[in-house]
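> Got a predicted model here, sequence first, then my questions.
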Amino acid sequence: MVDLIKKAKELIETSAVKVVIGYEEGTGNKTRALFVEKTEDADRLIFDSRCVQNLAAYITKKRD
């Protein structure tokens, strides 16, 4: 998990990407999508057996 967070921070700090899409804690022991645009938000990333929804759907959505 530490490696995932570290890599996300590195990608954002170096401007290799504008956003990292991952999972964060939701309500009721569920997860939800997390859009990391600032390095400090990467600390909220999680990855475990509850992370099952397809995040690829967010790649094609236009954000304002």
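Everything's here; your move.

> Run through the chain and note the low-pLDDT ranges.
Judged against pLDDT under 70, the low-scoring parts of the chain cover residues 61-64.

> how about 80 then?
Flagging of the chain using pLDDT under 80 yields the residue ranges 60-64.

> what helix or strand is the spatially most central residue of it on?
Ranked by distance to the mean C-alpha position of the chain (Cα atoms, centre = their mean), the top residue is residue 22 at 2.5 Å. Assignment of secondary structure by DSSP states H and E places residue 22 within strand 20-25.

> how about that strand: buried residues?
Using 16 or more other Cβ atoms under 10 Å as the burial criterion, the residues of strand 20-25 that qualify are 20, 22, 23, 24. Placement of C-beta: from N, CA and C, glycine included.

> isn't the residue nearest to the centre of the chain right next to residue 32, touching?
No: contact status for residue 22 versus residue 32: not in contact, 10.3 Å apart, counting by Cβ atoms under 8 Å.

> what comes into contact with stretch 11-27?
4, 8, 10, 31-39, 42, 44-47, 50-51, 55, 58-59 (Cβ atoms under 8 Å, 6 or more residues apart in numbering).

> In the protein, mark out all the helices, start to finish.
Using DSSP state H, the helices assigned to the chain run over residues 2-13.

> Report the contact partners of residue 38.
Contact partners of residue 38, counting by Cβ under 8 Å, 6+ apart, are residue 12.

> Mind listing the residues bridging to residue 22?
On the basis of DSSP bridges, residue 22 is bridged to residue 34.

> and the gap between it and residue 43?
Residue 22 sits 11 Å away from residue 43, going by Cβ to Cβ, to the nearest Å.

> thinking again about what came up before, of the contacts of stretch 11-27, buried ones?
Neighbour counting over the contacts of stretch 11-27 (16+ other Cβ under 10 Å) leaves 8, 31, 34, 36, 42, 45, 46 as the buried ones.

> Next, work out how far apart residue 25 and residue 34 are.
Computed as Cβ to Cβ, the residue 25 to residue 34 distance reads 9 Å.
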